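Visitor: Attaching a predicted model along with its sequence, questions to come.
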Amino acid sequence: MTVFNHISFDEHEQVVFCQDKESGLKAIIAIHNTHLGPAVGGCRMWNYASDDEALNDVLRLSRGMTYKNALAGLKMGGGKSVIIDNPNIQDRKALFRAFGRCIDSLGGKYYSAEDVGVNTADIMIAHEETPYMAGLEGKSGDPSPFTALGTYLGIKAAVKHQRGIDSLNGLKMSVQGVGHVGYYLCRHLHNEGVKLIVTDINQASLDRVVTEFGAEIVSPQDIYHQDVDVYAPCALGATINDTTIPLIKATIVAGCANNQLAEARHGDELKALNILYAPDYVINAGGIINVSFEKNYDAALSTQKVEEIYETLMRVFIQADEQNCTTTSVADELARTIIHAAKE
Ligand code: NAD
């Protein structure tokens, strides 16, 4: 396993490998860039097939956080952490305490929070060992509802841009993954009269959206080719790839998952097919925006800031049209300009 020559290594400032034998902790923390401030980004716990898969994930996710935080107008750099789920983990509290100690050893250069597989209770345990945790109970808490709000508004921006309509009423949308964010997203869409087609690998999560929102269930492999207006990837990354792109019938891809495109060229392929893509780190910034209000938490101010995602995405869509380039290249350029200015 290489680090500096790794395909996803992008001049990361620091990559830290953490192990605690007693608790079974194996984690990687990646600090991508701190020009705008201390790195902030959630912790993902996942059963990675290999250490390299975990490294690849944390390198890609932390880079995404730098761009996400910059474009959302936050004074925060980009970082992320992953915990490799493994059979040696017996005591979840001990695991997150050990994780907290690792975060603490970085002295505030990186703040962690919730992501896939990690909940607010885990973050509170880690917080017993370090102040460098965000998304705390009684403060900004679970970021998922805010991520869902931003994603919902981003979908509205995409529909407005492509079709000139303000209402989603009567549209059909497919959602891949109805976990924390996917559930709240479905609620917004359902409330606006959207017909939902969903998939997940967790039956309880599926049951909830069927009961509450009348969603139709399809199998995970059938989600891509549904005849819908919008496809919302809300599970894991790299699901927009060579295999899935030819299947997609939606004319808009807009969801909350991080790193949706397997490779940058898949953004070009979506554009060639006239599929409007909402860059993931722009549309899913609601959660981190909410986390940025952690110190003096104010839900109303946070909501107001999350609502800016609509305009930010509109700007990206319009510029991409004007420059005849992909929405991802416009977003990347806007973010790089902000990061560069901060460095100067
Ligand atoms: P989650 O774990 O609560 O939900 C993910 C859901 O996807 C789960 O229900 C899981 O069963 C399902 N899933 C996994 N593999 C699947 C597959 N192959 N097919 C269908 N379903 C599958 O996580 P979450 O917090 O809702 O986050 C979802 C995505 O959004 C992740 O990519 C995450 O990084 C991203 N994201 C989350 C937040 C947040 O605030 N939680 C913020 C920004 C981005």
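Guide: In hand now; what should we look at?

Visitor: can we go C-alpha only for contacts and neighbour counts from here?
Guide: OK.

Visitor: This protein - how does it break down into domains?
Guide: What automatic domain parsing lists as the domains of the chain is 14-62+79-127, 144-340.

Visitor: What parts of the protein come near the ligand?
Guide: Residues of the chain lying near the ligand by C-alpha under 6 Å from any ligand atom: 115-117, 143-144, 147, 176-182, 199-202, 220, 234-237, 256-258, 284, 287.

Visitor: Inside strands: which ones of those residues?
Guide: Those of those mapping onto strands are Gln176, Thr199, per DSSP state E.

Visitor: Could you give the separation of stretch 103-120 from the chain centroid?
Guide: 15 Å (C-alpha atoms, centre = their mean, to the nearest Å).

Visitor: Figure out the length between the terminal residues of that stretch.
Guide: From its first residue to its last, stretch 103-120 covers 16 Å (C-alpha to C-alpha, to the nearest Å).

Visitor: Go ahead and name everything in contact with it.
Guide: With contacts defined as C-alpha atoms under 8 Å, 6 or more residues apart in numbering, stretch 103-120 is touched by 31, 34, 38-46, 79-81, 123, 129-137, 141-143.

Visitor: So how do I select the buried members of those residues in ChimeraX?
Guide: Those of the contacts of stretch 103-120 that count as buried under 16 or more other C-alpha atoms under 10 Å are selected in ChimeraX with:
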select :31,34,38,39,40,41,42,43,44,45,79,80,81,123,129,130,132,133,134,135,136,141,142,143
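
Visitor: Of the contacts of stretch 103-120, which belong to helices?
Guide: Judged by DSSP state H, these include Ile123 as members of helices.

Visitor: pretty sure Ile283 is in contact with Val253, am I right?
Guide: No: using C-alpha atoms under 8 Å, Ile283 is not in contact with Val253; the gap is 10.9 Å.

Visitor: does Trp46 have beta-bridge partners, and which?
Guide: On the basis of DSSP bridges, Trp46 is bridged to Ile84.

Visitor: separation between it and Val15?
Guide: Trp46 is 18 Å from Val15, by C-alpha to C-alpha.

Visitor: got it, and Ala285?
Guide: From Ala285 to Val15 the distance is 23 Å (C-alpha to C-alpha).

Visitor: From the neighbour counts alone, determine which of those two ranks first.
Guide: Ala285 (26 against 20; other C-alpha atoms under 10 Å).

Visitor: Now render the domains of the chain as CSV, adding mean pLDDT.
Guide: Below are those laid out as CSV (pLDDT from 0 to 100):
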stretch, mean pLDDT
domain 14-62+79-127, 97
domain 144-340, 97
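
Visitor: Can you add distance to Lys68 and give those domains back as TSV?
Guide: What follows is these, written out as TSV (distance: least, C-alpha to C-alpha, whole Å):
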stretch	distance to Lys68
domain 14-62+79-127	10
domain 144-340	5
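
Visitor: Appreciated, that's everything.
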